[in-house]
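1. I'd like to go over a predicted model; first the sequence, then the structure.
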Amino acid sequence: MVDITHKISTLRVATATAIVKVSKQETIDAVVNNLVPKGNVFEMAKTAGLFAVKNTHLSIPDCHPLPIEFTSVEYNIEGLDIHIIFKVKTVYKTGVEVEAMHGASIVALTMYDMLKPIDKEIEISTIKLINKEGGKSSFKNKFPNAIKAAVFVCSDSIFAGDKEDRSGKTIVEKLDSHGVETSHYEIIPDELDIIQEKTKAFAKENQLVIFTGGTGLSPRDVTPEALEPILESRIPGIEEAIRNYGQQRMPYAMLSRSVAGTLGKALVLALPGSTNGVRESMDAIFPHVMHVFHILKGKNHDSL
């Protein structure tokens, strides 16, 4: 199966449809008036669909087991066609499109099985996805111009040439995958005044200023102390999202002192110095965090 461990959970909704075509009005009348010998067609088919949707992963090899938190089945009759509308919701890392289509198809098959003794010419058609919500496709941020970022690696040892940088390069790669242009990349020592100078200078020309390193608890870890006095607005939600995401994957993430806030129209981030820590931090908040640039321009969430 596809690895989804790096994804965040969001509300996922999918609606699918299927059509059961009968050959005569008498079949429709029997369904509506509950006169089918095998029982109540609508209720039996709905029950079968509910069982099926919760077990989609047992039938479709690449589907992940996931919690089904809401399911609804509706029927519309148009002439000799019975339209099935199957809706599924979950809060998870991956969507429920296949689950919705699986549920709709099983409802249709159950109806076929129950109706075949009284109608030999039933057809099932048009099993398809009507709508999906959630995931990246529902939270796309579009910008007229490229977002620019300045990336700084705070490390005495890397600055001295004793170690090679990997975390800063990871940030650059992640930014590039989200369409963000890295206009500046630099390795600096763990010095409070240098961190402040770089932040003030590069926040004027870049929408993102990202630091990696110096967020731990050693005496030389001063990135939070450097940034906190100069940030105009802290954004605790971003900091909480980073730590929560990391803690679910590594029990020491709670010791990181990641910082997020604004300076002018720029978003300033201080992320962990470890390669895994910075990768997980980026996965935790990107690309959704870029919505902040719309908000900083005065737009609200509902207008986007």
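-> That came in fine, so what should we check first?
2. List the residues that contact residue 70.
-> For residue 70, the contacting residues are 87, 88, 89, 90, by C-beta atoms under 8 Å, 6 or more residues apart in numbering. Glycine gets a C-beta too; all of them are placed from N, C-alpha and C.
3. If the third one is in a bridge, with which residues?
-> When you say that, I think you mean residue 89. Under DSSP bridges, the beta-bridge partners of residue 89 are residue 13, residue 70.
4. Same check on residue 261?
-> Assigned bridge partners for residue 261, using DSSP bridges, are residue 234, residue 268.
5. Can you give me the pLDDT of it?
-> Listed pLDDT for residue 261 reads 97.
6. so where do the strands sit in the protein?
-> Per DSSP state E, the chain carries strands over the ranges 10-21, 70-78, 81-92, 123-133, 148-154, 181-188, 208-212, 233-234, 259-263, 266-271.
7. Any stretches of the protein with poor pLDDT?
-> Regions of the chain meeting the criterion pLDDT under 70 cover residues 136-141, 299-304.
8. can you give me the helices for it?
-> Applying DSSP state H to the chain gives helices spanning 25-32, 41-53, 56-59, 97-115, 156-159, 167-177, 192-202, 223-227, 236-247, 275-285, 292-296.
9. Minimum distance to residue 257: which of those has it?
-> Across those, residue 257 has its closest neighbour in helix 223-227 (4.7 Å, C-beta to C-beta).
10. Enumerate the positions of the closest one that are buried.
-> 223, 224, 226, 227 (16 or more other C-beta atoms under 10 Å).
11. Likewise for stretch 215-231?
-> For stretch 215-231, a neighbour-count test (16+ other C-beta under 10 Å) marks 215, 216, 221, 222, 223, 224, 226, 227, 231 as buried.
12. Farthest-apart pair in the buried residues of helix 223-227, please.
-> Of all pairs in those, the most separated under C-beta to C-beta is 224 and 226 at 7.3 Å.
13. Please identify every residue contacting each of the two.
-> Common contact partners of residue 224 and residue 226 (C-beta under 8 Å, 6+ apart): residue 214.
14. Spatially nearest residue to the residue nearest the centre of the chain (excluding sequence neighbours)?
-> Centroid check for the chain by C-alpha atoms, centre = their mean gives residue 135 as the closest residue, at 3.8 Å. Nearest residue to residue 135, sequence neighbours excluded (C-beta to C-beta, 6 or more residues apart in numbering): residue 95, at 5.7 Å.
15. From residue 105, how far out is that neighbour?
-> Applying C-beta to C-beta, to the nearest Å, the value for residue 95 to residue 105 is 17 Å.
16. now do residue 8
-> Distance of residue 8 to residue 105, computed by C-beta to C-beta: 30 Å.
17. Over to residue 215?
-> Using C-beta to C-beta, residue 215 is found at 50 Å from residue 105.
18. Determine which stretch of the helices of the chain is the most buried.
-> Comparing those by mean neighbour count (mean count of other C-beta atoms under 10 Å), helix 97-115 ranks first with a mean of 23.
19. So which other helices or strands are in contact with that helix?
-> Judged by 3 or more C-beta pairs under 8 Å, 6 or more residues apart in numbering; DSSP states H and E, helix 97-115 is in contact with strand 10-21, helix 25-32, helix 41-53, helix 56-59, strand 70-78, strand 81-92, strand 123-133.
20. Between those, which one is closest to residue 239.
-> Distance to residue 239, taken as C-beta to C-beta, is lowest for strand 10-21 among the helices and strands packed on helix 97-115, at 19.3 Å.
21. buried ones in that closest one?
-> Buried, per 16+ other C-beta under 10 Å, within strand 10-21: 10, 12, 13, 14, 15, 16, 17, 18, 19, 20, 21.
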